[in-house]
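Undergrad: just coords:
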């Protein structure tokens, strides 16, 4: 999933003429167990100018029906996934952009479609905030 999500981000960034490369082709998840400073150095050494980090910060599952929302039980189950995207300048590690997303997942959802949509929203937000062209 990570590689496909990164691939989608790269695709949407390149559509806006931004040079981008997914990290999954260069680094394994186990490479990120170190502290933030070591990670920043690894990417800077690889010639990277900035780094976009996307992480899930929360997940709430609830039941939704006509006129009510409550903890899961009976009815249509939905999940609210909260995510944060942060763009860092690697020369000094300073965050230069931050965005938050809430994604509502229905009981029957396709993760591939949802991740592609999230990638598109992130890139569109970067452009709207004039961080990228």
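TA: On my side now, so go ahead. This one's a predicted model, so the numbers in the text were calculated from it and none came from an experiment.

Undergrad: what's the neighbour count on the residue lying closest to residue 81 once chain neighbours are set aside?
TA: Leaving aside its sequence neighbours, residue 81 sits nearest to residue 103 (C-beta to C-beta, 6 or more residues apart in numbering; 4.7 Å). In this view, the C-beta of every residue, glycine as well, is placed from N, C-alpha and C. Residue 103: 17 surrounding residues under other C-beta atoms under 10 Å.

Undergrad: pretty sure residue 103 is touching residue 80, no?
TA: Yes: using C-beta atoms under 8 Å, residue 103 makes contact with residue 80 at a distance of 7.3 Å.

Undergrad: ok so, going back, residue contacts, the residue nearest to residue 81?
TA: By C-beta atoms under 8 Å, 6 or more residues apart in numbering, the contact set of residue 103 is 80-81, 83, 114, 117-118.

Undergrad: biggest separation within those residues, which pair?
TA: For the contacts of residue 103, the farthest-apart pair by C-beta to C-beta is 80 and 117; their separation is 14.9 Å.

Undergrad: where does the protein have its least confident helix or strand?
TA: strand 68-71 (a mean of 55; mean pLDDT, DSSP states H and E).

Undergrad: Quick one: name whatever helix or strand follows it.
TA: Next helix or strand after strand 68-71 toward the C-terminus (DSSP states H and E): strand 76-89.
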